[in-house]
Structure formats: structure tokens, C-alpha cells
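Asker: Just to be clear, the model below is a prediction. Sequence and coordinates:
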Amino acid sequence: MDFTSLIGIISGFGLIIYAIMLGSSDFTIFLNVPGIMIVIGGTLAATLVTFQIRDTLAAFKAGFIIFAQDKQNPQVMIATMLQITKLARREGLIALSRVEADSPFLKRALNMAADANDEDYIRKTLQADIDSLKMRHYVVQDVFKKMGSYAPAFGMLGTLVGLIQMLSKLDDPEAIGPAMAVALLTTFYGSLMATVIFLPIAGKLKARTILEIQTLEIIRDGTVSLMGSNNYLAVYERLSSYIPAKQRKLPTASDKGDEKPAGRR
Amino acid sequence: MDFTSLIGIISGFGLIIYAIMLGSSDFTIFLNVPGIMIVIGGTLAATLVTFQIRDTLAAFKAGFIIFAQDKQNPQVMIATMLQITKLARREGLIALSRVEADSPFLKRALNMAADANDEDYIRKTLQADIDSLKMRHYVVQDVFKKMGSYAPAFGMLGTLVGLIQMLSKLDDPEAIGPAMAVALLTTFYGSLMATVIFLPIAGKLKARTILEIQTLEIIRDGTVSLMGSNNYLAVYERLSSYIPAKQRKLPTASDKGDEKPAGRR
Amino acid sequence: MDFTSLIGIISGFGLIIYAIMLGSSDFTIFLNVPGIMIVIGGTLAATLVTFQIRDTLAAFKAGFIIFAQDKQNPQVMIATMLQITKLARREGLIALSRVEADSPFLKRALNMAADANDEDYIRKTLQADIDSLKMRHYVVQDVFKKMGSYAPAFGMLGTLVGLIQMLSKLDDPEAIGPAMAVALLTTFYGSLMATVIFLPIAGKLKARTILEIQTLEIIRDGTVSLMGSNNYLAVYERLSSYIPAKQRKLPTASDKGDEKPAGRR
Amino acid sequence: MDFTSLIGIISGFGLIIYAIMLGSSDFTIFLNVPGIMIVIGGTLAATLVTFQIRDTLAAFKAGFIIFAQDKQNPQVMIATMLQITKLARREGLIALSRVEADSPFLKRALNMAADANDEDYIRKTLQADIDSLKMRHYVVQDVFKKMGSYAPAFGMLGTLVGLIQMLSKLDDPEAIGPAMAVALLTTFYGSLMATVIFLPIAGKLKARTILEIQTLEIIRDGTVSLMGSNNYLAVYERLSSYIPAKQRKLPTASDKGDEKPAGRR
Amino acid sequence: MDFTSLIGIISGFGLIIYAIMLGSSDFTIFLNVPGIMIVIGGTLAATLVTFQIRDTLAAFKAGFIIFAQDKQNPQVMIATMLQITKLARREGLIALSRVEADSPFLKRALNMAADANDEDYIRKTLQADIDSLKMRHYVVQDVFKKMGSYAPAFGMLGTLVGLIQMLSKLDDPEAIGPAMAVALLTTFYGSLMATVIFLPIAGKLKARTILEIQTLEIIRDGTVSLMGSNNYLAVYERLSSYIPAKQRKLPTASDKGDEKPAGRR
């Protein structure tokens, strides 16, 4: 579980509920089922028109994924690529086709290396994969960004409807306040959903995409690099660019197996 | 029919009508024909100035197209390109000129391949076609995006006119509410049109453009790739970047005809 | 005359006048000469500071041009370039220097071709011309975009002045409404000018620039292409990327003169 | 003096003062020294945090420069580069090191040419200078753009403070209006400064940067071009891209000195 | 200490406190602990969802760093690179591995140069480091930019809650004002935090990133340049692009040690 996503959304709603309870013991005035339906329904309706149905469904699926543990870890992938470099050195590139890998991208990269394709071809093919993934993820983030702008827009439409109705019959001044309160509820719902759910989810999806692309780039650069030099240190040098200078530490001698000692840096 | 576009727009309006009926049985206060004319007319007028008349007409035509079934399907196009690769292998590149194709872009690509133009020339010419299509589609999306900003702007102008008139003669306090309600109607129309029609249509046109360009890129890469290697698997490797790793599956042996078996991956 | 620009602006104002007349027979409350002066004057003052005086004047001149007939027509230019290709084929590149052309850009391209400059030099020089034109046109569009944001800003400043004066002496409650109405007038003027004049003109200038650049690119690609192959069909293939696939039709045999028949496609 | 900047800012303030005098003879209600201090002080405080102190000071210095005459003139620089081409032709590249030049960039370019560095090295070094200048100027413009957004933000904060205080003690209804008027003053100051000073200055700095970069590009292209061909007409052809086609005219024969006549074009 | 950041934030708050004290001696009405909790808590909650927890923590750490003295100084780094060039000239590239350097990036660059890697490899590896740093810093700035938009959004949500509660029970008109004042407090807190803290910090982090990247680019270009030419003046020429023309001065002869005199320029 990625608890931060869950804690963030729950505490976001919790704080608003707390704000409501501060001012009044009557919670029911903030529950207006038709209002909620209008904002959620309208947002979904506009989203249906805006995107291909396939992209919308992919986005909803991705929306749940942010509560799952993130499996991308560039540091771990660098270690994996270094292990693979050692294997290639000991047993030759052909051995790469036998490596078990969860990531289909890594599997593909290793298969292409084992098939002795030339470096440039491998780089271009893997880059095409990365570009294609970037495009698909961009669309998924865009679904939530657009929902984050449709929700307040439908909230405002609901409020305008309420306002116009209230103003068109001002015969009972007593009723103005409560009618206005009800009218404002849809604006409240729309802003709440955008601020607590849609926009943060769009942000998290973007953050995860950045991490995933970094992991893929490590696979791409690692594979190309091990084909070129087949040297543990050279591959390490190449991949260490992906981590901050302070966190870089050369794997210990025992990790390196049959490599020459690297010395302190 | 692309039902999602239709369902989205209808349910968007439906929810607003539902919101109106919740608050009042009197639906007529929301019907103000001059107000509707001002917002629609003003939006059209500003759009006429903003774009070349040809682009505006092309956009309106494209606006209807979003209700039609989308014919672009990258997965199907990949299968088509693989079929064509088999044909080229069996009968030579010259056979490509006899392929029947709905897409003028595919027809053109195959003709150029059959005429034995060099790969680089084909890639550049097809890329020029893609860039030109991107540009034309961008303008069409821009028409709807601009309408999505002109509609609320004219809505606000209508409301300002109403407000100024109301404020300039405050002799009858009874009439303030209803006059204000009428004034707010154009803001309501403008926001409604932008949120339920113009901006979602602009979004859908963009989503379709992304898909169409992907299809064209598959044709471009497939054609160049089959000229270079004429090998079923190599073409498949190249094109599979366009689909998510999980959805990739190598065509079965029976599909491949005279190719060597590809093995499980 | 480009009637769409004229019709658009006139009908934009017409609809607002119609909106005014709907609500009241008294048109004079919307005429406030000092208010108009403040918004127009303020917009001009801020524009004077923002741009070089030369760019501002160029923009105003360009603003009138949008009412003139647009002379750029990519389709016609493609036909012209094909004619020129035929001439070059019959009489040699040297003949290109005798071609009469309205466009100084075409004249320049043909002169460079006639002087037997190498293709790469011609492409780069023409591209530098296109980039320089893009830059100048961008500044001109930017003048109107900025005016479209200064006008509402000065409108709001005028309204703030009116509001502050009204609020500072609330001794006569009767006068509040009319004073508020007057204060809102500048907001109305500012929004009106931005929505009906400045932003649409900026849009049209952009649309025309796109078309002009396309025309220049046709000249660039056509000139380079005829130097390379001197072949009618090859030049046609190259330039046809600039028009939608459906509108492409090979010129008829009679147009082509001494070319070999192209066959149906 | 660049009178347009001065006239623009003075007339911007003048029009607002005119707007104030229209509505009331009492000018003092718009003078609220603490309010002005809050908006100016707050804007400066936020700017101090946002930028390096060095960039902020550079920006203020640049802010005054917009009232000085602009010395950049691409047309004049083209003429200068043509003179220098003649000199190089008559006396050799070595003579370039003796040319007196105000611009350190031109001096540097000529020195590098005189030292017989290769064209590619000169182009790259000058481009690095241009990129570095672009970056510095961008930061300076950004200071004014940010001030243009901080000023209204602090204006709104001042108004919120006033509003909250007014609303918290509604015991004297008579005082509401004047208190509200005072509260609105900071919003007025913030918008006024942003619209009349900060945003236009940011715009002018951008306009001047465009012109300066164009001048530097003329020096870069001219220097590289004269090294390559040493031919007056070729250099002229290359540089004329920087001026609109209609304003191009070949220097007269007397200007050209020992060149061959260019003929009419 | 970077006093400008500290002075800026303190004086920003100080001016708002001054604004409060101007209007009233009662400071307590602006202190609403639950309101502050809602805005800060909500902003943190949305930020937790939006970013990876690691990035959020890195951003908070970076947020404090802006009060520390900035150690990046391009001018000093140019001087350092020139010293290193002299060392390399006297003792050979191998001596570079013995240079003590605080910056791990400089250390890495010198080690690669000492190992006699080829220039292109060094440039690419260092560029990968720079790109990776840019990406990480971009995320950190984005945390503060997003907090600068979440804070006002939660402020508005708090105000909507208060408004709706107030309007739903208008029985006591006396209480309207104070209730409204309390409701507006969260909007005030949200805007205050965004304008005085979050957005300026995001700006400063960006300004520092620009400076740090410039320093890294000086190391990159200096290292590559000294490998290529090993000439003091050539390295100086290359690096001087990073400082404004007016601040460039060639190091004095005594600084240059065993170089030939550079002459006046």
C-alpha cells in the first residue's frame, strides 16, 4: 500500500469535516445528494465526451493504482543492471536471454542484446517504447486534470441555477439565506473534489510516471552500456548519473565479484 | 456511432435540467431566447473574426464527426502492416502497389515503397504528411477551444448589460431580484456551452488526433521497416512499441504463414 | 475584402446593442465618453510602454489588413511551383531568374536557384527568412494579445475608482445604484473591446501567419525539390503533403505538358 | 530618451487621475500612505525572497534603462557588417582586430576572426554568448513579471484585512461604506502598479531583448559569413533575412566600393 | 545565511501585521487556530497525495536551504577551472585526479579527464548528470508551486463552509458580519501563505537551480575545453561566455603563471 496517498485523501476530507463541525453541530446541511449527483455526474459526462472511452477507463484504473505500493525504484534497477553486467561478463551476452525479469521492458532489452542487435537499433527501439509509454501516461494524467477543471465548472453551473431561481422570486426574504446556502453547495462540492481528489491524483500519476521513465532509461542506458564496454565500472559510471551525487556509493568489492578494486573516490 | 460523445453531451444537459427541476417547477425562467441568441451569436461572431472561414467550417464539420465511430485503430493497423510485410516477402516490394487501402496515407506509403524510393525519402515525405495533418487538426481543435473561451466572455458581457440597466434605475426594489436573475442567465448559458459542449469537443478532437497520428506513425515505421529488413519479426518488434507491453502478443504461427516460429516470450 | 472579419466584428457589436435595447429603451446610459477614453487611453498607454513604437505601429497596420482579402493560397502556390518546374525542365534553371513574381520571397528563391547555389545553402537562407518573418509576426500578434489583457485591466481599474468613490460617501442611498452602474461601465467597455476586437484580431493574425508560412514553405520545398530532381511528379509528391489527402488531385495531363502520364491513383 | 516608455507610464497614471477627478473633487480619499506602503513593501519583500539579490538589483537597473534610448538597431548593424566585409576584402582578416567597436560582442567576434579561428568554433562561442545573455535577460524580465503578480496579491491581502475588520464589528452601519472604500484601496494600488508599471516594463524588456539578440545574431552570421566567402553580396544575402522583404534594398554602388555591380533585382 | 530570504519573509508578514494594527487594536480576530490548521493541514494533505513522500521531504529540506548562504558562484568556478588548466599544463592530465574538490561533480569530471576518457564521453556523462539534477530540482520547485495553489484552494473551501453555515441560519442578522469575518479568515490565511511563503520559495529554488546548473556547465565546458586545447586563453575564451561582457576581465599576468601574455583587448 502507498499509505501517503490514502492518508492524504482521508485527512483532506477529515479537515473539511472538522471545519464543518467547528461551526455547527448540524452536519446535514452539507449533505445534498442531488447536488453531489450533479457535480459528479456532470464531471463524468464531460469526461466521457472529452476522452476516448478506453482512455477514461484506463485512467480510473490508474487512479486506484496510486494507493498500491510503487514498484518502481531506480536505485534497485541500477543494482539489477550491475548484476546483469557481471553475468554478461562471465557468460557472454547470449546468457542475457535466460535472465528472469518482471519488467517486460527489461526482458525485451535483454533479448535484443542477446540477439546481438546493434547498439543504435536497441537504443532507438527502447526509446520508442519509452515515448509510447510517456504518451499513454500523459493521457491518463490529463483525464484527472480535466476532471479537476470540470468539477468546479459544474459546481458553478449548479450554483448559478440555484441563484437564478432564488433571485427570480424574492417574495420571501426569509428564504434567501438558506436558498443561497443550498446554491453554494455545488460550488463547494466541485472545489472539494478538484482540490482533494482529482488534482492531487493527477499529480501523483505524474510523479510515478517520472519515476517509471527514469527506471526505463536506466534499463536502456544500462543495456546499451554493457553491450559497448561489458565493464562493470563503466556501466556504473553511466548509470550513477540517475542518482544524486550524495547518494552514490560504489558497490563494495564483494558485490563486484571478478572486477578489479575501484578504490575510494 | 461513438455513443460516448452523444451520451456525455446528453447527460450533461440532462443533469443541468434535473438541477433546474429540483429547485422549481417553473422551467420557463431558464428559457430566454434573446439571451441564448446573444451568447451563441456573439461566440460565432468572434470565431468568424478569429479564424479563416475555411478553418471554421472544417471545425464545425469535425465537430459532428466526433459522434461517428472512430475508425482509427492502431492495433488493427499493426496487424495490417504485418500482413503487408508477408505479401512483400512473398511477392516483392512491387506487389505493394496493388494493395487496396482505405487510407490514402497507407496507399501513398505503399506506392512509394513499390517505386523503390529510398527509405530516408519515404520517411521524410510521410513525416511531412503527418506534420501537415497535425497542423490542420490543431487549428480545428483551436476553434473549439476559442469558442469555449468566447462563450463565457459573451455570457459575462450580457450579464454586465443587465446589471448596469438594473442598477441605473433602482426605483423599484421589488424588481431587483428578477432583473438580476435574467442578467445572470447569459453567464449561465455561456458557462454551460463551454463546459458541456465546446471544451469537451475540443478534448475529443485532440484525443482522436493522437490516435490518428499514432496510426500514421505505424504506417510510416512499418513501411520503412519492411523495406529495410523485409522480416516479419523485425517489423513486429518495431511496431509493438506502439502498444502497452501487457497487450503485446506475438501473432500466432498460423497468422505468420511462411515465417519461422517465434517461440514463446 | 475579407468579409468574415468585418461581419464578425459588426455582428459582435450588433448583438451587444441588441442586448441593450432588449432591456431598456434608454441607450444613453451605456454611453460614457470619459469611461471609453479611460479604457482606450489606458490600453494604448500600457501598449506604448510594452512594445517598441515600431512594433506597435506595425501591429495597428496589420490590424487593418485583416479586413483585406487574404492573398495567401497554398493550393495556388503549389500550382505555381509546378508551372515553374515545367519551365525549369524546358529551359534550364537559368530561366528561373526571368520569372515574374509578386512574392519577393519566391523571387529570391528563384534567383538563388538560377545562380546555381547549392540546395543546402538555399534551404538555410530561405529558412532564415521564414524564421525572421515568424518572429516579426509573433510580435504583431502579441500586441493585440496584450491589448486584450490590458483593456479589461483598465476597465477594472475604472470600476474600482468608481466603487471607492461611491462607498466613501454613502450618505445618499438613492444614488448608490446609478453610481454603481456608471462604475461598472468601464469593466463593460474593457471586456467588450477585448472579446469583440483585440483577441479575435490576434487570432486572425495568427491564422494568416500560419497560412503565409505554409506558402513560404511550399516555395522553399518546391525550389529545393526542383533543383534536386527537376521532375514534375517528384515535385508534386513533395508539395502535396501540404494539402489534405482528400483534396489532392494530380494536375490533369493537359496541365502537365511534356510530362509522362501519371495514371490514376 | 525613449519617450514612448515615459509617455506611456505618465499617461497611464494621468488617465486614472482623470477618472478620479471625474467622480469627485476630493482626491485625498485615494491617498492612503499605509496602503501604498503595504502593497509596495509586500511586493518588494516577496521579490527579495523569490530572486537572488543580484538579479533583483540588475532588474531595477534594467527597469530604468527602458527610458533610455534603445541603441540596438539591426539595420545599422547590417550596414556595419557590410563595411567590415569590405575592409576584410581589401586588407585581409587580420585587419579586423583593428576595428573600433562599441559592442564587446562585435569586438570579440572580429578578434576571433582575425585570429583565424575556424568558422564552427566562432559560431559556437558566439552562440554560447547569446544563450548566456538570453538567460540573464530572461531572469530580469521575470523579476518584473513576478512583481506584476505579487502586487495584486498583496493588494488583495490588504483588502481582506480591511474586510475582516469591518465585518467583525458591524455595530455602526454608517461606517461600513467608508471602511469598505479604504479596504478596496490596496486592491486598487496593486492592480494599478501591475497594469501601468510592472507588466508593461516586463514587456518592454522582452521587446528590447528580442532586438538585442537579433543584433547579436547579425554579428554572428555576418562574421561567419565573411570568413566563409569574403564576398560583399553573399554577406548581404545572408543578413538580409533579418529585415522584412519590403525594407530590403541593396546598398548603392557607391557604398559598395570595389565590389562588382549587383544589378537591379 | 542568505539574509534576503529571511528579511523578505519576515518583512512580508510584518507588513500584513502592520496592516492589521492600522485598522484595529484588536489583533485576536485574526488569530483563528482551527482555520490555520485547516489551511496548513489541507495543503499538506493534498501535497502528500500529489508527490512521492521522498520528493515532499526533499522539498521541505530544500525549503530551509534557501536561508543558508548560496555556495554556487559561477565566477569563482571559472577561476577554479583556470587554476586547474594551469595545473594540467604543468603536470599533465593525470595530475587532475589529485585535485581536492568540494563538488562531487567537479571531482567526477576531473577523474574522467585524468582517466583519459575521450571528450565526447565526458561531455555526455556530465550532461546526463546535469539533466538528472535539473529533473530532481524541478520536482522540488513543483512541490512549493503546488502548495502555492493548494493553500488558497483550501482557504476558499474553508470560507465556503463558513458562508454556507452562516447563510443557512439567517435568524440573527447581528451575527452575520462576525460570522462572515471568520469565514473570510481561511481565504486570508491561504492567500497569505501562498504569496509570502510558498510561491517566493519556489521562485528562489528556481533561481538557485539556474545558478547551480550554470556552475555545472562551467565545469563541463572547462573540463572538455582543457582536454582539447590545454591552453589557458582558449579555456578562458570558452568560459567567459557565462559572464556578462562588461564583467569579463582577463586574469592578470601574475595569475596566469607560465602562459604567454594576452595583450590588451
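Answerer: Received, thanks. Numbers count the residues shown, from 1 in each chain, chains lettered A, B, ... in the order given.

Asker: Next secondary structure element downstream of the helix or strand where residue A:227 lies?
Answerer: According to DSSP states H and E, residue A:227 maps onto helix A:199-228. Counting by DSSP H and E, the next helix or strand C-terminal to helix A:199-228 is helix A:232-239.

Asker: CA atoms of that following helix as CSV?
Answerer: The C-alpha trace of helix A:232-239 is given here as CSV (Å, rounded to 0.1, in the frame of the first residue of the first chain):
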residue,chain,number,x,y,z
TYR,A,232,31.3,-3.2,-14.5
LEU,A,233,32.7,0.2,-13.6
ALA,A,234,31.9,1.8,-16.9
VAL,A,235,28.2,0.7,-16.6
TYR,A,236,28.2,2.0,-13.0
GLU,A,237,29.6,5.4,-14.1
ARG,A,238,27.0,5.7,-16.8
LEU,A,239,24.0,4.8,-14.6
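
Asker: same for that helix, what does it pack against?
Answerer: Counting contacts by 3 or more Cβ pairs under 8 Å, 6 or more residues apart in numbering or on different chains; DSSP states H and E, helix A:232-239 packs against helix A:74-91, helix A:199-228, helix E:119-168. Bear in mind the C-beta positions are built from the backbone N, C-alpha and C, glycine included.

Asker: centre of the chain versus it, how much separation?
Answerer: The chain centre lies 29 Å from the centre of helix A:232-239; the measure is Cα atoms, centre = their mean, to the nearest Å.

Asker: list the buried ones in it?
Answerer: A:232-239 (16 or more other Cβ atoms under 10 Å in any protein chain shown).

Asker: between those, which is nearest residue A:27?
Answerer: Distance to residue A:27 across those (Cβ to Cβ) is lowest for residue A:239, with 54.4 Å.

Asker: Excluding sequence neighbours, find me the nearest residue to that closest one.
Answerer: residue A:78 (4.8 Å; Cβ to Cβ, 6 or more residues apart in numbering or on different chains).

Asker: What is the neighbour count of the one you found?
Answerer: Residues lying near residue A:78 (other Cβ atoms under 10 Å in any protein chain shown) number 24.

Asker: State the pLDDT value of it.
Answerer: pLDDT recorded at residue A:78 is 91.

Asker: Surely it and residue A:242 touch.
Answerer: Yes: Residue A:78 is within contact range of residue A:242, at 6.8 Å (criterion: Cβ atoms under 8 Å).

Asker: For the helices and strands packed on helix A:232-239, give me CSV that also has distance to residue D:21.
Answerer: Listed next are the helices and strands packed on helix A:232-239 as CSV, based on distance: least, Cβ to Cβ, whole Å:
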stretch, distance to residue D:21
helix A:74-91, 65
helix A:199-228, 46
helix E:119-168, 36
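
Asker: neighbours around whatever residue of the stretch 51-200 of chain A ends up closest to chain D, how many?
Answerer: For the stretch 51-200 of chain A and chain D, the shortest gap (Cβ to the nearest Cβ) falls at residue A:177, measuring 16.0 Å. By other Cβ under 10 Å, the residues close to residue A:177 number 18.

Asker: What confidence value was assigned to it?
Answerer: The model reports residue A:177 with a pLDDT of 78.

Asker: Please identify the helix or strand for it.
Answerer: Assigned by DSSP H and E, residue A:177 falls in helix A:176-192.

Asker: Any chance you could give me that helix in PDB, C-alpha atoms only?
Answerer: Written as PDB, here are the backbone C-alpha positions of helix A:176-192 (Å, rounded to 0.1, in the frame of the first residue of the first chain):
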ATOM      1  CA  ILE A 176     -33.000  34.000   0.700                       C
ATOM      2  CA  GLY A 177     -30.200  32.800   3.100                       C
ATOM      3  CA  PRO A 178     -31.000  29.100   3.100                       C
ATOM      4  CA  ALA A 179     -31.600  29.000  -0.700                       C
ATOM      5  CA  MET A 180     -28.300  30.700  -1.200                       C
ATOM      6  CA  ALA A 181     -26.600  28.200   1.100                       C
ATOM      7  CA  VAL A 182     -28.000  25.300  -0.900                       C
ATOM      8  CA  ALA A 183     -26.900  27.000  -4.200                       C
ATOM      9  CA  LEU A 184     -23.400  27.400  -2.900                       C
ATOM     10  CA  LEU A 185     -23.200  23.700  -2.000                       C
ATOM     11  CA  THR A 186     -22.400  22.600  -5.600                       C
ATOM     12  CA  THR A 187     -19.600  25.100  -5.800                       C
ATOM     13  CA  PHE A 188     -18.300  23.600  -2.500                       C
ATOM     14  CA  TYR A 189     -18.600  20.000  -3.800                       C
ATOM     15  CA  GLY A 190     -16.800  20.900  -7.100                       C
ATOM     16  CA  SER A 191     -13.900  22.700  -5.400                       C
ATOM     17  CA  LEU A 192     -13.600  19.900  -2.800                       C
END
